[in-house]
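In: Sequence plus the predicted model coming up.
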Amino acid sequence: MSALRKATAEDAPALARVMARVNQLTQSDLEELGAWSELCDLSTQTELEMIDTGPDNIVFDNSGGFEAVADVYVTLNYGSSDDDTSFSDGYLATIRGRLDGEEVIIDTVSVDVSSFYE
């Protein structure tokens, strides 16, 4: 990816498409992109609540590529049905992709779960 730059006014349509696509990522998407295993390892039954990014967290390069930082919110569940515990947590993700015309293609997602172990 070449040098990254903040979105400009002329990037507004692309920015809106990228934000929408990132915020619509599902657990299946994370599984396909190889990012779910890090989250899944945190509890016996990890559930994806949502992924959230905003316009200030997305940068573009001059060849149609982008990088977004997003919050990934999950519920971590522990125990059996008789004695279960759960809590919500959030982790930072870096999402890289590209624009192909009107389509937003997500190439990679990496989730930083290091805060779980601190």
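Out: Looks like it came in fine. Because the structure is a prediction, the values reported are computed rather than measured.

In: Please identify the buried residues of the longest helix seen in the chain?
Out: Counting by DSSP state H, the longest helix found in the chain is helix 12-23. For helix 12-23, burial by neighbour count (16 or more other Cβ atoms under 10 Å) applies to 14-15, 18-19, 21-22. C-beta coordinates here come from the backbone N, C-alpha and C atoms, glycine included.

In: can I get the CA coordinates of stretch 102-117 in CSV?
Out: Output in CSV follows, covering the C-alpha atoms of stretch 102-117 (Å, rounded to 0.1, in the frame of the first residue of the first chain):
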residue,chain,number,x,y,z
GLU,A,102,-18.5,0.9,-6.3
GLU,A,103,-17.5,-2.3,-4.5
VAL,A,104,-15.6,-2.3,-1.3
ILE,A,105,-13.3,-5.4,-1.0
ILE,A,106,-11.9,-6.3,2.4
ASP,A,107,-8.6,-8.0,2.0
THR,A,108,-7.4,-8.4,5.6
VAL,A,109,-8.6,-8.0,9.1
SER,A,110,-6.4,-8.2,12.2
VAL,A,111,-7.7,-7.9,15.7
ASP,A,112,-5.4,-6.9,18.6
VAL,A,113,-6.5,-8.9,21.6
SER,A,114,-3.4,-8.2,23.7
SER,A,115,-5.3,-6.1,26.2
PHE,A,116,-7.2,-9.3,27.2
TYR,A,117,-4.0,-10.7,28.6
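
In: Can you get me a residue count around residue 11?
Out: Burial of residue 11 is recorded as 18 neighbouring residues (other Cβ atoms under 10 Å).

In: Can you report how many residues lie near the closest residue to it other than its chain neighbours?
Out: Nearest non-adjacent residue to residue 11, counting by Cβ to Cβ, 6 or more residues apart in numbering: residue 60, 6.0 Å away. When counting by other Cβ under 10 Å, one arrives at 24 neighbours for residue 60.
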